[in-house]
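Asker: Next input, structure requested:
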Amino acid sequence: MLPDFDRADRIGAYWGNPATRTFGELLIDAEQDPYLRAVLVGMLRERGQGSAMSFGRTGARAAP
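Answerer: Numbers count the residues shown, from 1 in each chain. Sure, this is the predicted structure:
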């Protein structure tokens with residue numbers, strides 16, 4: 001985990017860019033809400049374990 005000032009600086013970089021502001025707001029909310037943080041970490045861990053079905057990746061091609 002980054003020190004407080006570095007973490008705030010990185011979050012501020014996302015929040016300061018209009019294209020990534022929503023993501024920056026999510027990071028700010030996750031800093032303040034331990035339940036949200038736990039849910040996000042759980043989702044990322046699940047995705048990292050290769051759980052293809054929970055994210056809809058079946059390997060099938062989409063129709064043109």
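Asker: for the nearest residue in space to Asn17 that is not next to it in sequence, what are its contacts?
Answerer: Spatially, and ignoring its direct neighbours in sequence, Asn17 is nearest to Gly24 (7.6 Å; C-beta to C-beta, 6 or more residues apart in numbering). Every residue, glycine included, has its C-beta placed from N, CA and C. If a contact means C-beta atoms under 8 Å, 6 or more residues apart in numbering, then Gly24 has Ile11, Gly12, Ala13, Tyr14, Trp15, Gly16, Asn17 as its contacts.
Asker: same check, this time on Arg37
Answerer: Contacts of Arg37 by C-beta under 8 Å, 6+ apart are Ala30, Glu31.
Asker: Can I get whichever helix or strand Met43 is part of in PDB? Just the C-alpha atoms.
Answerer: If you go by DSSP states H and E, Met43 is part of helix 34-48. Extracted C-alpha coordinates of helix 34-48, given in PDB (Å, rounded to 0.1, in the frame of the first residue of the first chain):
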ATOM      1  CA  PRO A  34     -14.500  -0.600   4.200                       C
ATOM      2  CA  TYR A  35     -17.400  -2.700   3.000                       C
ATOM      3  CA  LEU A  36     -17.100  -1.300  -0.600                       C
ATOM      4  CA  ARG A  37     -13.400  -1.900  -0.500                       C
ATOM      5  CA  ALA A  38     -13.900  -5.500   0.600                       C
ATOM      6  CA  VAL A  39     -16.400  -6.100  -2.200                       C
ATOM      7  CA  LEU A  40     -14.100  -4.600  -4.800                       C
ATOM      8  CA  VAL A  41     -11.100  -6.700  -3.600                       C
ATOM      9  CA  GLY A  42     -13.300  -9.800  -3.700                       C
ATOM     10  CA  MET A  43     -14.400  -9.100  -7.300                       C
ATOM     11  CA  LEU A  44     -10.800  -8.500  -8.300                       C
ATOM     12  CA  ARG A  45      -9.600 -11.700  -6.600                       C
ATOM     13  CA  GLU A  46     -12.300 -13.700  -8.300                       C
ATOM     14  CA  ARG A  47     -11.400 -12.300 -11.700                       C
ATOM     15  CA  GLY A  48      -7.700 -13.000 -11.000                       C
END
